[in-house]
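Student: build me a model:
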Amino acid sequence: MTIERAIDGFLLANRAKSPATRSTYATGLKAFRAYLDALEIDAATAGTESIPVRSLEQFYLWLVDLHGRDRLSTVETYLSGLRGLLRYLAGEGAIPHISIERSREQLRRVKVRKNYITPRVDSALALVVDAANRTPLPEDRSDPELAVRILRDRAILNTLYSTGMRRSEVASLNRVDVEAGRRGEAIITGKGNKQRVVFFDESTLGHIAAYLALRSDPYAPLFVRHPTRGSPGPRGENLRLSPQSVWLTVKRYARIAGVAASTHDFRHLKATTLLDRGADLSQVQDLLGHASPETTKTIYAHYSIQHLRSAFDRYSQPLADAAAVRESDPGRS
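Tutor: Numbering: from 1, shown residues only. Now for the predicted structure:
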């Protein structure tokens, strides 16, 4: 089996994965083909036995050389494609010369440890949502689509602010998930095809209900393009608002409010607000859908330290107090 056919087989085997996962694998394996070209290995004619024994380690180093240490997230994205391909080929018995466990260990030894930068959290993000909420609806209804767009944007901004969802998760919401603004929680499928529950406050549900009340379509997606021109596709899927459009909506109102903001800033704000108000890291992990508690700990480690310090100061007994207790009860031994 050629490497090219192996890649095609791997991508075909993963056709049930989410579009984002399939896209990530395809992008990473396109980079892997470029790496093989640099080694003068033709993926179209060379068999899987030509995949270098230390390919996982060497591909990683090649990516770091190509993109630089300041783009380690890009490197990880590309690397995931080869990781998946090697697991697939090992399961097919197509790479007996490569040990997956040894490859992981070789990669572990050379990987650059990623330094997380403390997320920027700006309480002025509330002004971005307020800018959408204060945008007046047209009085003369000369442009009926304008009113529904404004209500949609309000619903989107309030959803981001109240839930801490990723933009892709907001875009993937369906009307049934929130029962036209009457259900306070929804089960969503987030990053890595992992399901979790997200919660909506009453204000956000009100904005969603107002938006849906003005829509005159039966389409399934919660947020769609307006005007709804072109073929809607099955249940209106062709009109579903894209994650990029959600991002652009934030940018548009951020400019109006005079605040630098992106969709991910709302996610960090939600996490830090929860932590500041007493939620623990495991609860934040579940609410935000982090794949591992280590991710939450690493990104928000400074908050964990602050809470430990608070507990230390609150519950430690000063030496003077301990001595006073001892003196008041001389019979204690």
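
Student: can we go C-alpha only for contacts and neighbour counts from here?
Tutor: Will do.

Student: need the strands for the stretch 51-200 of the chain, in chain order.
Tutor: Per DSSP state E, counting those that start in this stretch, the stretch 51-200 of the chain carries strands over the ranges 185-189, 195-199.

Student: what's next to the first one, contact-wise?
Tutor: With contacts defined as Cα atoms under 8 Å, 6 or more residues apart in numbering, strand 185-189 is touched by 169, 173, 177-178, 195-200.

Student: the last one too?
Tutor: For strand 195-199, the external contacting residues (Cα under 8 Å, 6+ apart) are 162-163, 165, 184-190, 286-287, 289.

Student: residue boundaries of the helices in the stretch 1-150 of the chain?
Tutor: All helices of the stretch 1-150 of the chain, identified by DSSP state H, counting those that start in this stretch, fall at 3-13, 19-38, 55-67, 72-91, 100-110, 125-134, 144-163.

Student: in a markdown table, list these along with mean neighbour count, mean pLDDT and distance to residue 208.
Tutor: Shown next, in a markdown table, are these (neighbours: other Cα atoms under 10 Å; pLDDT from 0 to 100; distance: least, Cα to Cα, whole Å):
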| stretch | mean neighbour count | mean pLDDT | distance to residue 208 |
| --- | --- | --- | --- |
| helix 3-13 | 17 | 95 | 37 |
| helix 19-38 | 17 | 91 | 26 |
| helix 55-67 | 18 | 92 | 42 |
| helix 72-91 | 18 | 91 | 34 |
| helix 100-110 | 14 | 90 | 46 |
| helix 125-134 | 19 | 93 | 12 |
| helix 144-163 | 22 | 93 | 5 |
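
Student: report the central residue of this protein.
Tutor: residue 166 (5.0 Å; Cα atoms, centre = their mean).

Student: mind checking pLDDT for residue 43?
Tutor: Per-residue confidence (pLDDT) for residue 43: 94.

Student: residue contacts, it?
Tutor: 2-4, 33, 36-37.

Student: ok, it to residue 36 distance?
Tutor: According to Cα to Cα, to the nearest Å, residue 43 and residue 36 sit 7 Å apart.

Student: and if you look at residue 139?
Tutor: Taking Cα to Cα, one finds residue 139 at 62 Å from residue 36.

Student: next one: residue 5
Tutor: Counting by Cα to Cα - residue 5 and residue 36 are separated by 15 Å.

Student: so who does residue 53 touch?
Tutor: 97-98, 103.

Student: picking up where we left off before, export the helices of the stretch 1-150 of the chain as TSV, with columns for distance to residue 256.
Tutor: Output for the helices of the stretch 1-150 of the chain, formatted as TSV (distance: least, Cα to Cα, whole Å):
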stretch	distance to residue 256
helix 3-13	43
helix 19-38	31
helix 55-67	35
helix 72-91	31
helix 100-110	46
helix 125-134	7
helix 144-163	13
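
Student: still on that earlier bit, any idea which of the contacts of residue 43 is closest to residue 247?
Tutor: residue 33 (31.4 Å; Cα to Cα).

Student: list phi and psi for the closest residue to the closest one other than its chain neighbours.
Tutor: Excluding its sequence neighbours, the residue lying closest to residue 33 (Cα to Cα, 6 or more residues apart in numbering) is residue 43, at 6.7 Å. Note on residue 43: its backbone torsions stand at phi -60, psi -20 [degrees, to the nearest 10].

Student: now residue 43: how far from residue 156?
Tutor: 44 Å.

Student: residue 227 versus residue 41, what's the distance?
Tutor: 50 Å.

Student: okay, those two: which has more neighbours?
Tutor: Counted by other Cα atoms under 10 Å, residue 41 and residue 227 do not tie: residue 41 has more neighbours, with 18 against 12.

Student: what about the closest residue to the more buried one other than its chain neighbours, how many neighbours?
Tutor: Counting by Cα to Cα, 6+ apart, residue 41 lies nearest to residue 50, which is 7.6 Å off, once chain neighbours are set aside. Residue 50 has 16 neighbours, counted by other Cα under 10 Å.

Student: how near is residue 50 to residue 85?
Tutor: 14 Å.

Student: then residue 236?
Tutor: Counting by Cα to Cα - residue 236 and residue 85 are separated by 34 Å.

Student: excluding its backbone neighbours, what's nearest residue 81?
Tutor: Closest residue in space to residue 81, ignoring its immediate chain neighbours: residue 25 at 4.1 Å, by Cα to Cα, 6+ apart.

Student: ugh, typo on my part, it should be residue 90
Tutor: Residue 90 sits nearest to residue 96 (Cα to Cα, 6+ apart), 7.1 Å away.

Student: now the contacts of residue 43 as CSV including distance to residue 269?
Tutor: What follows is the contacts of residue 43, written out as CSV (distance: Cα to Cα, whole Å):
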residue, distance to residue 269
2, 48
3, 45
4, 44
33, 40
36, 42
37, 44
